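Novice: Structure of the sequence below:
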Amino acid sequence: MNLVASRAFVQRLRTVLRLAPRHFNVCLVGDREIERLNNVYLGKKAPTDVLSFPWRETGGAKQKAGADAEFAHFLGDVVISVETARRNARQEGHSALNEIRWLILHGVLHLLGYDHETDHGEMTSLELALRERLGIAGRTARRRRKARR
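Specialist: Predicted coordinates for the structure are as follows:
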């Protein structure tokens, strides 16, 4: 896993999405931890590839209690299972780094309020266009994500 390349991708993604001054965290974990998070927050007892935890509630933009100016521009956390990403990459025929880039993009779109399960294809269309623009489109169209925030 190339952390320098991942950081460069995050900076490019922030530029393309015009996120400044907003920022987010990317947390790389193993299957055991993402399975625990998936169970605690979504009631699913299985590992997944990516989870997004927005800092603000979507819709009402209600800020969590006790937050101060330090978090005024914080979008939230994107949690990625490196183990699942590697398996996905092997199955899809591309690099783990490319898979992790896809997962970062997918997670950030969720932080921005997109939801592929309810938006009639809006998030998927945007994600595919951004993959192409960011040079991470891969050789095949990506399956629909089952991961949820």
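Novice: Helix or strand with the lowest mean pLDDT in this protein?
Specialist: Ranked by mean pLDDT, DSSP states H and E, the weakest helix or strand in the chain is helix 3-16, scoring a mean of 89.
Novice: List of residues touching that helix?
Specialist: For helix 3-16, the surrounding residues in contact (CB atoms under 8 Å, 6 or more residues apart in numbering) are 19-20, 22-23, 26, 97, 100-101, 104-105, 108, 130, 133-134, 136. For the C-beta atoms, the positions are set from N, CA and C on the backbone; glycine is no exception.
Novice: Of the residues you listed - the most surrounded one?
Specialist: residue 100 (27 neighbours; other CB atoms under 10 Å).
Novice: Which SSE is immediately downstream of the least confident helix or strand of the chain?
Specialist: strand 23-29 (DSSP states H and E).
Novice: neighbouring strands for that next one, and are they parallel or not?
Specialist: strand 74-81 (parallel) (DSSP bridges).
Novice: where does this structure dip in pLDDT?
Specialist: Where the chain drops to pLDDT under 70, the residues are 1, 57-69, 138-149.
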